[in-house]
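Chemist: Sequence and predicted structure below; questions after.
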Amino acid sequence: MKNFLELLDTNKSINVELELDVISDNGFPTIEVHLNNQRIFDKGLITTFQSFCIGVNLLDPIKLQIEVSNKEYNATLETAVIIKKFSIDKIDIIPNYTHYSYYDNDHNFTNTTSYLGFNGIWIFDTKAPFYQWLHQAQGQGWLLSP
């Protein structure tokens, strides 16, 4: 008998969708985006809306890192990167699971957010395959391994 993952109907990869927008009143920020330690946006200026859709193996943990640097601070003009959409297999992580992210920045801002207004790095990491992580995040009890 075939197990669940060996059935032909089962898709062995899931899509990670990411949409980033920019506020550039005081210049364009430099960003670098990594998904599972693979660079998907090279360190450079983000000057306009960016959209990504990347396939990830179903059994891989998902770690997204967005690093913002070279922002010049100004009291009246803003520069920021906004995570407009972040979904995994059509499940919205932003805003539903934003509180599982971590934003390490140069202003010690610790609130969970999808608005990256400081130089620093925003990280979302499941540390387990996505659906195992989601099951736990939704408080659905234990998953037993065969």
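Modeler: Received it, and whenever you're ready, just let me know what you need.

Chemist: What strands flank the helix or strand where Glu17 lies, and is each parallel or antiparallel?
Modeler: Element membership for Glu17, per DSSP states H and E: strand 13-24. Applying DSSP bridges to the sheet, strand 13-24 is found paired with strand 50-57 (antiparallel), strand 79-88 (antiparallel).

Chemist: name the helices or strands packed onto the helix or strand just after that strand?
Modeler: Moving toward the C-terminus from strand 13-24, the next helix or strand (DSSP H and E) is strand 30-35. For strand 30-35, the packing partners by 3 or more Cβ pairs under 8 Å, 6 or more residues apart in numbering; DSSP states H and E come out as strand 13-24, strand 38-45, strand 50-57, strand 61-69. Using the backbone N, CA and C atoms, a C-beta is placed for each residue, glycine as well.

Chemist: Any regions of the chain where pLDDT drops low?
Modeler: 1-11, 142-146 (pLDDT under 70).

Chemist: Let me see the contact set for Lys85.
Modeler: The contact partners of Lys85, by Cβ atoms under 8 Å, 6 or more residues apart in numbering, come to 17-19, 92, 94.

Chemist: top of these by neighbour count?
Modeler: Taking other Cβ atoms under 10 Å as the neighbour criterion, Leu18 ranks highest of the contacts of Lys85 with 23 neighbours.

Chemist: ok so, going back, which residues are in contact with the strand holding Glu17?
Modeler: Counting by Cβ under 8 Å, 6+ apart, 28-29, 31, 33, 35, 40, 46-58, 62, 64, 66, 78-90, 130 sit against strand 13-24.

Chemist: List only buried entries from those.
Modeler: 28-29, 31, 33, 35, 40, 46, 50, 52, 54, 56, 62, 64, 66, 79-83, 86-89, 130 (16 or more other Cβ atoms under 10 Å).

Chemist: any idea what sits nearest the residue positioned nearest the centre of the chain, other than its immediate chain neighbours?
Modeler: Nearest to the mean C-alpha position of the chain, counting by Cα atoms, centre = their mean, stands Leu64 at 4.1 Å. Counting by Cβ to Cβ, 6 or more residues apart in numbering, Phe124 is the residue found nearest to Leu64 once chain neighbours are left out, at 4.7 Å.
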